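Novice: The sequence and its predicted three-dimensional model are supplied below.
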Amino acid sequence: MPRITTPGAIAAQRSYGPLIWDAIAAIIVLGVIVVLGETSASLVEPLSQLELTPVSLDPSNLAEYAARTTFRMLVALCLSLLFTITYATLAAKNHRAELLLIPLLDILQSVPILGFISVTVVFFMSLAPGKVLGAELAAIFAIFTSQAWNMAFSFYQSLRTVPHDLDEAAQSMRLTAWMKFWRLEVPFAIPGLVWNMMMSMSGGWFFVVASEAISVGNTTVTLPGIGSYIAIAIEKRDLAAVYFAIGTMAIVILIYDQLLFRPLVTWADRFRPEQQPGVEPPRSWVLTVFQRSTLIRIGLKPLKGLWESTFKLAATLPAAPAKSMWLGRDRTINVIWLGMLGLGVTYTIWSIVRFVVPAVSLHEVGWVAVLSSITLLRVVILIALASVIWVPVGVIVGLSPKLTRIIQPIAQFLAAFPANLFFPLAVVAIVTYKLNPDVWLSPLMVLGTQWYILFNVIAGAAVMPRELLDAGASFHVGGWAWWRNVALPAVIPYYLTGAITASGGSFNASIVSEAVSWGDDKLVAHGIGSYIADATAKGDFHRIVLGVAVMSVFVVILNRSLWRPLYHWVETRFRLD
Amino acid sequence: MASPELLEIDHVCQAFPKAGGGELVVLDKIDLKLREGEIVGLLGRSGSGKSTLLRLVAGLARPVAGSVRYLGSRVQGCAPGIAMVFQSFALFPWLTVLQNVELGLEALGLPKEEMRSRALSAIDLIGLDGFESAYPRELSGGMRQRVGFARALVVHPNILLMDEPFSALDVLTAETLRTDLIDLWMGKQLPIKGMILVTHNIEEAVLMCDRVLLFASNPGRISAEIKINLPHPRHRTDAEFQRVVDSIYVAMTQRAQPGAKPEGDRFPILTLTSQLRHVSTNILSGLIETVAGQPYGGHADLPDIASTLHMEIDDLFPAAEALQILRFAELSGGDLKLTNLGMQFANAELADRKRMFKQQLLSCVPLAAHVRKVLDERSSHVAPRSRFADELEDHMSEEDAEATLRALISWSRYAELFAYDDHTRRFTLENPT
């Protein structure tokens, strides 16, 4: 029987509180379910439906298009997560698998998205013949390829750097491998993984046009979505539609941020071993709502119980035995394995050569290398220009907590925003003023990536030790000497992280930014990006493979011979402890 | 009848492969028995292999030779009746106190209710009531280590292994935790039958243990066993307590210097590839000044110095040995006695001190003389660090070579014997002018 004692003001609040939280939580959950349900219903429609109701530029359709695009992104993100957890775990746990998987990941990461689309679109269409589903799968796979690799890398790195004492504690408590994975390794990896998921999402948005308006040789699919909307707006030279798309995109990213990433980041913060000094912990109203809602708690309880029962099941298995200190006992197996890997790699290279060589002259291979160098030069010059501008700005902003609070979210928003939505505007300007595309298309490459430099530098300046600044001030270090001796050394490691991300992103962006169009006006800058884009449009697989291979080689060489050594050098030279 | 043996370690050896081939022996033929109702201390300086031995017992690593037996059967992997407490606490930062304590029970696959009640009673026992829902980052070091103890005790182990559990805590907190633990142990409230304590704190070992095994380095081995029959509670100020502490200091200074031959039983003679331990010249000067001054007058009792200067053996012994290597002092019978040179050093000005230090470095540390000679002979007066590192690594592990060079560089800089540029990683004869 319920008690009837007068509750008083506090008790009344207590009983109303959860009700409000429950209501908000229920609205959010139901809303998401409705949108997902409606969108997924369209998957089983026949392919001809796309021709019956072609993508229209009517702005009233934008909400639906945005929902469908978002749905694809979300599915791709889930697949990326699944891929990450299996692939990276295998690489981190099995030394022999690692020898193959990690270099492979390095290469996959450097292959531009068009390379994946062109090779796989026919395959995916054949999976569900005559259905929209096949084209959707192709689009989702394309988005997946722009999201998965860096997440897998991050997870692999985390698994490799699990603190030794925690690992020993887990072993001495006799956690089974399954429990250790979920109780130690995954939680430890979560902050890095969430951060990389956000990066991946930005990457996915950037290629949303390429992955929805698929056009490889004779295969042309235009899936309803915000990417296709833009593609058609460009084709029909409809500037108003472009503005509508930009506006919609901004709203979508804001919603995504509020409903998904902000709660995730806030939740992930508890998995950091220590609070970073001077950095305020993130907050999210959505997470607060969910955490305070009893309804959600009741809903999640069976899931939690199910999950925990796997531990009980795993507890019946024997704990992992201690490792022997001696490595390489199975030397012969290692040799055989390495031999097999070598054979596989040789065969792959030989296959590529055999596929490419008959159709392509040696002269062309040289030309592609030259084109790659041109693109590389563009990236280097533009990153340098962006650095000259954004490093000083970032330092000044980072040193003022007030400015940081305003600018930092804007910089992160701009980094997440697909900059290619602005490309049509640039094309209009270049055509109108008859500018040289080889020069003036270049800034488009860093349009979306420069923000990585800015917000990393802001972050670096924000955690600069107070004593260093005070020491600088008390010795009257000013002007250029201050920048050279105080500010720049302190932010350099952060800057480099940003610059590496930016340059990688720019290289990838070359494929959409070196060849742009506005209706019938087609602007092409010389470079590997436009070469691959052109080959894709023509469906010339020999040249696609050649272009992708050369570009991958370039990116891998750049990473191995420049960025990694540089990063290592900066880390040891400018360490603050 | 003697108490039954919980643990029997028989001729255990542990070795690691060296970078340049060969192996580095870190534990050499260790024998040890732990009986029921016993607390055994493993006392030694860092690098003497005591923590390695503890990890072998815990099943975290396997020995290359010999056997570890727990209740008669060989330890392979972590045994269910052995729990461990870590120096760094090793708590899971994303779990609350209660969840941390429950984790080990979850691995046993216990029902939820039993897990909860056992965890709560362990938390209660160890004095963490009220902290159940706190996250480790919200707790002080002392409270964190209490969680470490609760987590180990909750599985009701037979043996509790402790790896320097109090050394990351401040003096007062450490003392409180020690006392609490011993009180629970003496009151038979702990669900355990024996403990092994790894420590480098002599007084801690005497305060807690029934038996202390002294560890010596290169290779790690047991050099002496000391029984402590004092009744609990023990007090540091008791004469008998002090006598035991003294006897451990004597035993520890009696050992032959690692990698050196005795010269008339007074000073070690180093070779080109002898290992050095880095001790700041500030500490060396400070120690000389303290021993030269009142009340010691050039002759000090090590336990006395240790408590006056708040130095633990990992600080004091390397410093005292460095003075002995450089012939500024003599170390024997638990005493540190300044030589004439040491007394002169104490009274000298900075420039003279540097000159004396340089003189001693050249004549007593062959490696210093060698580097200087190479630099003198080369017309450029420059030599890469790797040249000497490679020579050292033929005889010791990479870390030890690193430490030896660090000591050499620091002392040579003080003595202005030669300079070193860490960016180019080269030794030079000239300092910037």
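Specialist: Thanks, I have the structure now.
Novice: Now A:Val216: closest residue in space that isn't a chain neighbour?
Specialist: Once flanking residues are discounted, A:Val216 sits nearest to A:Ser118: 4.7 Å by Cβ to Cβ, 6 or more residues apart in numbering or on different chains. To be clear about C-beta, it is placed using only N, CA and C from the backbone, and glycine gets the same treatment.
Novice: I'd like to know which elements the helix or strand where A:Val221 lies is packed against.
Specialist: Element membership for A:Val221, per DSSP states H and E: strand A:219-222. Using 3 or more Cβ pairs under 8 Å, 6 or more residues apart in numbering or on different chains; DSSP states H and E, the elements in contact with strand A:219-222 are helix A:113-127, helix A:132-145, strand A:213-216, helix A:226-235.
Novice: Pairing partners for it, with directions?
Specialist: strand A:213-216 (antiparallel) (DSSP bridges).
Novice: Can you report the mean pLDDT over the residues of the strand holding A:Val221?
Specialist: Rounded to a whole number, the mean pLDDT of strand A:219-222 is 79.
Novice: same deal with stretch B:22-39?
Specialist: pLDDT averaged over stretch B:22-39 gives 88.
Novice: chain center to it: distance?
Specialist: 16 Å (Cα atoms, centre = their mean, to the nearest Å).
Novice: Tell me the buried residues in it?
Specialist: Buried residues in stretch B:22-39, counted by 16 or more other Cβ atoms under 10 Å in any protein chain shown: B:24-28, B:30, B:32, B:34-35, B:38-39.
Novice: is it fair to say B:Leu42 lies in a helix?
Specialist: No. Going by DSSP: H, G, I helix; E, B strand; the rest coil, the assignment for B:Leu42 is strand, not a helix.
Novice: A:Ile234 reaches A:Ser228, doesn't it?
Specialist: No. With contact defined as Cβ atoms under 8 Å, A:Ile234 does not reach A:Ser228; the gap is 10.6 Å.
Novice: circling back to that earlier point, so which of the helices and strands packed on strand A:219-222 gets nearest B:Ser223?
Specialist: Judged by Cβ to Cβ, the one of these that comes nearest to B:Ser223 is helix A:132-145, at 61.9 Å.
Novice: what mean pLDDT does that closest one have?
Specialist: Helix A:132-145 comes out at a mean pLDDT of 86.
Novice: so what secondary structure elements neighbour it?
Specialist: Counting by 3+ Cβ pairs under 8 Å, 6+ apart, helix A:132-145 packs on helix A:48-52, helix A:62-93, helix A:113-127, helix A:208-212, strand A:213-216, strand A:219-222.
Novice: angle of it against helix A:113-127?
Specialist: For helix A:132-145 against helix A:113-127, the angle by axes from the mean of the first three to the mean of the last three Cα atoms, to 10 degrees is 150 degrees.
Novice: from chain B, which residue is nearest to chain A?
Specialist: Here chain B gets closest to chain A at one residue, B:Gly109, 3.1 Å apart by Cβ to the nearest Cβ.
Novice: so that residue touches A:Lys312, yeah?
Specialist: Yes. B:Gly109 is in contact with A:Lys312 according to Cβ under 8 Å; the separation is 4.7 Å.
Novice: Find residues that contact each of those two.
Specialist: Counting by Cβ atoms under 8 Å, 6 or more residues apart in numbering or on different chains, no residue touches both B:Gly109 and A:Lys312.
Novice: circling back: to what extent is the residue of chain B closest to chain A buried, counted in neighbours?
Specialist: Residues near B:Gly109, counting by other Cβ atoms under 10 Å in any protein chain shown, number 17.
Novice: where do the strands sit along the stretch 301-433 of chain B?
Specialist: Ranges of strands in the stretch 301-433 of chain B, per DSSP state E, counting those that start in this stretch, are B:329-332, B:335-338, B:382-384, B:419-421, B:426-428.
Novice: which secondary structure elements does the fourth one contact?
Specialist: Identification of packing neighbours for strand B:419-421 by 3+ Cβ pairs under 8 Å, 6+ apart yields helix B:398-415, strand B:426-428.
Novice: so can I have JSON lines of those showing distance to A:Ser442, mean neighbour count and mean pLDDT?
Specialist: Below are the helices and strands packed on strand B:419-421 laid out as JSON lines (distance: least, Cβ to Cβ, whole Å; neighbours: other Cβ atoms under 10 Å in any protein chain shown; pLDDT from 0 to 100):
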{"stretch": "helix B:398-415", "distance to A:Ser442": "47", "mean neighbour count": "18", "mean pLDDT": "90"}
{"stretch": "strand B:426-428", "distance to A:Ser442": "42", "mean neighbour count": "19", "mean pLDDT": "90"}
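Novice: Distance to A:Glu136 added to the ones you listed, as a markdown table?
Specialist: As requested, the helices and strands packed on strand B:419-421 are exported to a markdown table (distance: least, Cβ to Cβ, whole Å):
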| stretch | distance to A:Glu136 |
| --- | --- |
| helix B:398-415 | 55 |
| strand B:426-428 | 62 |
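Novice: Please name whichever of the ones you listed is nearest to A:Tyr347.
Specialist: Of the helices and strands packed on strand B:419-421, the one closest to A:Tyr347 (Cβ to Cβ) turns out to be helix B:398-415, at 39.0 Å.
Novice: Now do the same for the closest residue to chain B within the stretch 1-150 of chain A: its pLDDT.
Specialist: Residue of the stretch 1-150 of chain A nearest chain B, by Cβ to the nearest Cβ: A:His95 (16.0 Å). A:His95 carries a pLDDT value of 81.
Novice: Run through chain B and note the low-pLDDT ranges.
Specialist: B:1-4, B:19-21, B:255-266, B:431-433 (pLDDT under 70).
Novice: do chain A as well
Specialist: A:1-18, A:39, A:41-45, A:47-53, A:274-281, A:315-330, A:575-577.
Novice: follow-up on the earlier one: in TSV, list the helices and strands packed on strand A:219-222 along with mean neighbour count.
Specialist: Listed next are the helices and strands packed on strand A:219-222 as TSV, based on neighbours: other Cβ atoms under 10 Å in any protein chain shown:
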stretch	mean neighbour count
helix A:113-127	19
helix A:132-145	24
strand A:213-216	22
helix A:226-235	24
